[in-house]
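Trainee: Okay, structure incoming, though there's no sequence with it:
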């Protein structure tokens, strides 16, 4: 399983000199499964550049797992070239709603006055499916989706492919308490993350910031690290960076996380555009290939 991050910023795109190292695009992760099937996680602004790369190949089938429908996770769809190119087959998975279909919720963004062209005008063949309650298969992988603590219908994803497990929890508040010493207060995500080889987890706030934002649906950096440790995660990648956080400030937060991980865990990572991860036979943990601007 090969993973590449195209966007790791949360809430709002944040381009500029202070964020060029780790990137300013919002959530988008490319996952190439062992049989070649492509799964894309979220469609933030990072999916634009991914779409440009995909336009260089022959059209085919793409699976796109949306964790939720907040704008920072779907804002790139209007600029995703395969959606506007005939021949592509796009299968969207996303959180179920008791009131509105997934397709109708996505179409709210891809319609005037928010967007000049409607979803119905897209030439690609697009199907929209609620994420099943039970595990399902996509290519060589078995995928599980579970509702997690975040405002509005939101799911996290667990992808297992040839014995390797990637868990994607970009918007998740596991505690709803500022304390780290009471793990009985887990709210969600525990079973989904257990024993993962790599966990991409919400780490938007410092501890001080989180104390004033309980219930907002995001995690502090320390909570993300403690959650990964308690769930037996092999390697944590801090994700969904606050748009106000500079590269230098992210690296300061990394030092805090490094003191929380266990000795049997791989060193944590700061998710960045261009980060490439290979999970599979003979691989160990993840490596950083640069900021994606090469």
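Mentor: That came through fine. Just so it is clear, the model here is predicted, and its values are computed rather than measured.
Trainee: which regions of the stretch 51-200 of the chain lie under the pLDDT threshold?
Mentor: Across the stretch 51-200 of the chain, the stretches falling below the confidence threshold (pLDDT under 70) are 176-187.
Trainee: ok, which stretches of it are strands?
Mentor: Using DSSP state E, counting those that start in this stretch, the strands found in the stretch 51-200 of the chain span residues 61-65, 89-94, 125-130, 136-138, 141-147, 155-161, 164-169, 198-202.
Trainee: For this structure, which segments are assigned as helices?
Mentor: Listed from the start of the chain, the chain has helices (DSSP state H) covering 47-54, 102-109, 190-193, 207-211, 221-230, 247-258.
Trainee: May I see the buried residues of the first one?
Mentor: The neighbour-count criterion (16 or more other Cβ atoms under 10 Å) identifies 47, 48, 49, 50, 51, 54 as the buried residues of helix 47-54. C-beta here means a position set from N, CA and C on the backbone, and glycine is covered the same way.
Trainee: quick one on the thing from earlier: nearest to residue 153 among the helices of the chain would be which one?
Mentor: Put simply, out of the helices of the chain the one that sits nearest residue 153 is helix 102-109, at 8.8 Å, with distance taken as Cβ to Cβ.
Trainee: Spatially, what comes nearest to residue 101 if we skip its sequence neighbours?
Mentor: By the measure of Cβ to Cβ, 6 or more residues apart in numbering, the closest residue to residue 101 outside its immediate chain neighbours is residue 128, 6.8 Å from it.
Trainee: Then residue 222?
Mentor: Excluding the flanking residues, the one nearest residue 222 by Cβ to Cβ, 6+ apart is residue 207, at 5.4 Å.
Trainee: center of this protein, which residue is that?
Mentor: Per Cα atoms, centre = their mean, the C-alpha nearest to the average position across the chain is that of residue 170, at 4.6 Å.
Trainee: Name all residues that make contact with that residue.
Mentor: With contacts taken as Cβ atoms under 8 Å, 6 or more residues apart in numbering, residue 170 has the following neighbours: 10, 27, 41, 42, 67, 73, 200, 201, 202, 239, 240.
Trainee: same thing but 6 Å
Mentor: Remark: with contacts taken as Cβ atoms under 6 Å, 6 or more residues apart in numbering, residue 170 is in contact with 27, 67, 202, 239, 240.
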